Structures are given as structure tokens and as C-alpha cells.
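A.B. asks: Below are the sequence and a predicted model for it; my questions follow.
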Amino acid sequence: MDAKKIEDIARQINDSIPAGMKDFAGNMESRIKQILQQQLSKLDVVTREELDLQQQMLLRLRQRVEALEAQLAAQNDTNKSSD
């Protein structure tokens, strides 16, 4: 999760605090951001870019496996016809 999303979440929490507690809330916003970042860093969360890269790698791998399967099937057909 990027810093902008964390700031948005912290701002939403801050906005939900009643007006009489806004001074307290101002100090809490930075603390909420800090806690969110700490807790999210403990999770196995990847960025969108990392996910997209992994998807591209998996697609290329799938294409290679399919090509190798086709080659193997063709070779098996050749071996069967020569038997």
C-alpha cells in the first residue's frame, strides 16, 4: 500500500472524529499514519507494480510450458509413427 493510500485512510479516520476533539485528532493523524505503516509493513503486501511484473512473468512461463508441451507431443507422435 502506498503512502497516499495510508494518508487517505488516516484522513478519513481524522474526519470522522467530532469537532471538539480536532486538536487531539491533528496529533493523532500522524500517529495513525505511523501505526498503519508499521502494521502494513508486517503483512506480505506487494505493490501493484510487483504484482503486474509477476503476472507478466507467469504469462511468459505459461507460454513456454505450452510450447514445450507441443514440442513433446509432436516428438511423441513422430516416435509412434516410426515404431
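C.D. replies: Nice, thanks for sending it over.

A.B. asks: Quick one: mean pLDDT for the helix or strand harbouring residue 62?
C.D. replies: Counting by DSSP states H and E, the element that carries residue 62 is helix 48-82. If you average the pLDDT over helix 48-82, you get 94.

A.B. asks: let's have the chain start at 840 instead
C.D. replies: Okay, residue one is now 840; in that scheme the one you just asked about reads as helix 887-921.

A.B. asks: For residue 849, grab the count of nearby residues.
C.D. replies: Residue 849: 20 surrounding residues under other C-beta atoms under 10 Å. In short, each C-beta sits where N, CA and C put it, glycine included.

A.B. asks: same question, residue 910
C.D. replies: So residue 910, with other C-beta under 10 Å, has 10 neighbours.

A.B. asks: next one: residue 893
C.D. replies: Residue 893 has 11 nearby residues by other C-beta under 10 Å.

A.B. asks: go on, residue 909?
C.D. replies: Close neighbours of residue 909, defined as other C-beta under 10 Å, add up to 10.

A.B. asks: for residue 912, same thing?
C.D. replies: Residue 912: 10 neighbours (other C-beta under 10 Å).

A.B. asks: And residue 871, by the same measure?
C.D. replies: Under the neighbour criterion other C-beta under 10 Å, residue 871 is assigned a count of 19.

A.B. asks: my read: it touches residue 853, true?
C.D. replies: Yes - judged on C-beta atoms under 8 Å, residue 871 makes contact with residue 853 at a distance of 7.3 Å.

A.B. asks: in stretch 847-855, what's buried?
C.D. replies: For stretch 847-855, the buried set under the neighbour-count rule, 16 or more other C-beta atoms under 10 Å, comprises 849, 853.
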